[in-house]
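> When you get a sec, could you give me coordinates for this:
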Amino acid sequence: MKKLFFLTALLCASMMSWATQYCDFPTGHENNANFGDANGRILLTLVPTANENEYKLTIKPNYASGATKKLDYLYVIASGNSPYPAEAGSDVTTGGEDELSVTFTNSSATTSFTIQWSHPDWAGRWQCSLSNVPLQNLTTCDVACADAEKPTISSVVVSDTTINSAVLTITGSDNVGIVRYVVKNAGNEIATSTSNVINLSNLNSNTAYSLSVFAYDDCDNASDAFAVNFTTKKISYCEYPTGHLKDANFGDANGRILLTVRKISNNSVGVTVKPNNGGIDVFDYVKVELGGVGKELGTVGGTTPTNTEIVYTDLASLSFSLNIFWHNSKWDVEAGRWTTNQFNVSESELCTESPATAIDNTNADAQAVKVIENGQLVIIKNGVKYNALGAELR
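Numbers count the residues shown, from 1 in each chain. Take a look at the predicted model:
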């Protein structure tokens, strides 16, 4: 017997109390027709039979949505059902079936169902629920959908493109009506919506996307693919606004920074962490981790010159992962540090401008660039290097 996982059962979307027809309805585990494991996606049908107060519930793998496994077990319970539970198949079979059905009687006007299913290669069960189903208003499903005409998409407009998101506005038509839109990337579904405005997220920066958009009607007729091409914006790490947990709009303004990662040569970079407008104007501690090497400026509760550049040399690649930690003088010494991790920086995103954020404007007689070399603060003024005490370095 398989181990049973009682996972959260949620209302299957669109199967609301006023609906009267459930015919090959796409749903899945946790009320998600696009559940991460495609084998947790099913087509569900619930219809009355020719007998009074008798009903038949059928599930099928949603092969069209990526499922590859057949089903081996179906378990259905509902208040007023007989039998209780109603079961089909077995947890211990191999191979599975393309569909499983249970038949039961129920004289209630309305009831709610808990539905569980599994496939032969998994030790647990998927689960979903139907809530407040009006049994006496259920209708039968046509063997074949009467509408064979597929929808048409006439345009898709891309707007509000950022480094990791974009908005698609779709214009389509159908003789009956479009019920949903699907967006695919290289054949993989990345978004689905009943609205013709779809917000795409979790995209990669500076990346050219060639997507296919489909419209579906109530009979699941699909439109021809409509090609959409766009490129997400490129990150430029020249005073790039970010903050604690990589949130440029973090609730406490002191947790927001401007990050500069500057290309100095083909094997060296400089990193500058600067308070963003709206926060304080000085840090007492900054730490940068690059390639497993951590470099620090100042001490928590001490003082640190603002806008000091931390330099990394002899890098094998100018594409790397970067972690940033900082503390400001207005925060409790014992309270901890802000942190923003895993900036995956590519060479094309490096700042190539003069490091304005690395200039100390507090020195009236000359502008001086402050860098860290071999763990020591070095001040470069008029092409000459000095240590922190002002002694010239040779």
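> ok, and for stretch 310-318, which residues are buried?
Within stretch 310-318, the residues that qualify as buried by neighbour count (16 or more other CB atoms under 10 Å) are Ile310, Val311, Tyr312, Leu315, Leu318. (Each C-beta comes from the backbone N, C-alpha and C, glycine too.)
> will you turn those into CSV that also has pLDDT?
Putting the buried residues of stretch 310-318 into CSV (pLDDT from 0 to 100) gives the following:
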residue, pLDDT
Ile310, 89
Val311, 91
Tyr312, 92
Leu315, 92
Leu318, 93
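> what is Gly28 paired to in the beta sheet?
Applying DSSP bridges to Gly28 gives these bridge partners: Arg41.
> same question, Thr58
Here Thr58, judged by DSSP bridges, has bridge partners Thr45, Ser101.
> Any chance of a markdown table for the buried residues of stretch 310-318, columns distance to Asp252 and secondary structure?
Listed next are those as a markdown table, based on distance: CB to CB, whole Å; DSSP: H, G, I helix; E, B strand; the rest coil:
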| residue | distance to Asp252 | secondary structure |
| --- | --- | --- |
| Ile310 | 24 | strand |
| Val311 | 29 | strand |
| Tyr312 | 29 | strand |
| Leu315 | 33 | coil |
| Leu318 | 33 | coil |
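> what's the domain layout of this structure?
Listed domain ranges for the chain are 22-137, 152-231, 240-386 (source: automatic domain parsing).
> residues in contact with the nearest residue to Asn266 once chain neighbours are set aside?
Of all residues not flanking Asn266 in the chain, Leu318 sits nearest, at 7.3 Å (CB to CB, 6 or more residues apart in numbering). Residues near Leu318 by CB atoms under 8 Å, 6 or more residues apart in numbering: Lys263, Asn266, Asn267, Val269, Glu347, Leu350.
> What distance do you get for the first one to Ser155?
With the distance defined as CB to CB, to the nearest Å, Lys263 ends up 41 Å from Ser155.
> ok, back up a step: which one (most neighbours) among the contacts of Leu318?
Across those, the neighbour count under other CB atoms under 10 Å reaches its highest value at Val269, namely 25 neighbours.
> Please tell me how far that one sits from Tyr285.
Distance check for Val269 against Tyr285: by CB to CB, it reads 21 Å.
> Next: Pro134.
Using CB to CB, one obtains 64 Å as the distance from Pro134 to Tyr285.
> Counting neighbours, go ahead and name the busier of the two.
Neighbours per residue, other CB under 10 Å: of Pro134 and Tyr285, the larger number sits with Tyr285, 21 against 15.
> Can you tell me the strand partners of whichever helix or strand that one is part of and which way each runs?
When secondary structure is defined by DSSP states H and E, Tyr285 falls within strand 283-290. The partner list of strand 283-290 in its sheet, established with DSSP bridges, is strand 293-298 (antiparallel), strand 320-328 (antiparallel).
> Tell me who's in contact with Leu71.
Leu71 sits in contact with 42, 59-61, 89, 96-100, 117-119, where contact means CB under 8 Å, 6+ apart.
> these two touch, right, Gln116 and Trp126?
Yes. Under the criterion of CB atoms under 8 Å, Gln116 lies in contact with Trp126, with a separation of 6.7 Å.
> What's the separation between the residue nearest the centre of the chain and Ala166?
For the chain, the residue nearest the mean C-alpha position is Asn202 (4.9 Å; CA atoms, centre = their mean). Per CB to CB, Asn202 is found 11 Å from Ala166.
> swap in Ser173?
Here Ser173 is placed at a distance of 23 Å from Ala166 (CB to CB).
> okay, these two: which has more neighbours?
Neighbours were counted for Ser173 and for Ala166 using other CB under 10 Å; Ala166 has more, 21 against 12.
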